[in-house]
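>>> Provide a 3D model corresponding to the input given below.
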Amino acid sequence: MTEQFPAQQPTLPSAAPAPTKRKTWRWVAGAIVLVPALAAAFGGGNIEKTSAASPNGSSTVAIAAAPAAPAWDNASATTDVAVVTTAAPAHAIAVAFSPAKQQQPSSGQRNATRAAKRYLEYAGFSRSGLIKQLEYDGYSTEDATFAVDSLNTDWNEQAARCAKKYLDYTSFSRSGLIDQLVYDGFTHEQAEYGANAAY
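Residues are numbered from 1 along each chain as shown. The predicted structure follows:
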């Protein structure tokens, strides 16, 4: 037995008729008249703004004189009623805006910074030694230098860490340890600090 489907499908009610264009034009005309009237009523009339673009991409805005804000009389501030005086109108102010040129680090610089932090957590490095290690890892000299300089590392403490590691593995004379630290890229002063801290 097969089921028979009805030949005629039920009809859906038709959509409501579209609003007439006369109602839309009334709203548009009302908005055109109402917006400027409200702007003038709420004080938009006494500030004049002009904007001009400079050839270098910055813009200049000039604001015309407007009444200054009322100033409180501090002498009568101890009483319950304060005397309000109005200062003279302010002169026109010209303000020049230029886009901020604060550069964000590139992805290579961010990755090099993370790698440098990991290296410094693991062992002591000199500044030049850490840059060379990052270059060996494939980072450009610029990215490696940016990363190392952005960490604000105490290189004296790094020299001390490195000197202590050397003394844990082998024996050095003080002068031999200083020479080894200088060879690793520390300055002579940093190497002396590290050797003094390790002994």
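>>> model confidence at A197, what's the number?
For A197, the model assigns a pLDDT of 95.
>>> that one reaches A160, doesn't it?
Yes. If you go by CB atoms under 8 Å, A197 and A160 touch, sitting 3.7 Å apart. Placement of C-beta: from N, CA and C, glycine included.
>>> the two: who's more crowded?
Per other CB atoms under 10 Å, whichever of A197 and A160 has more neighbours is A160, with 20 against 14.
>>> ok, that one touching G194?
Yes. Contact criterion CB under 8 Å: A160 and G194 qualify, at 4.5 Å.
>>> what is in contact with those two at once?
Common neighbours of A160 and G194, counting by CB atoms under 8 Å, 6 or more residues apart in numbering, are G124.
>>> tell me how far G129 lies from S106.
Computed with CB to CB, to the nearest Å, the distance linking G129 and S106 is 23 Å.
>>> same question for K164.
Relative to S106, and taking CB to CB, K164 is found at 35 Å.
>>> any idea how far Y166 is from R110?
As judged by CB to CB, R110 and Y166 stand 32 Å apart.
>>> between the two, who's got more neighbours?
Neighbours per residue (other CB under 10 Å) separate R110 from Y166, with Y166 holding more: 20 against 15.
>>> tell me the domain boundaries of the chain?
Domain assignment for the chain by the TED database gives 106-153, 154-198.
>>> turn the ones you listed into a markdown table, columns for distance to I32.
Listed next are these as a markdown table, based on distance: least, CB to CB, whole Å:
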| stretch | distance to I32 |
| --- | --- |
| domain 106-153 | 50 |
| domain 154-198 | 67 |
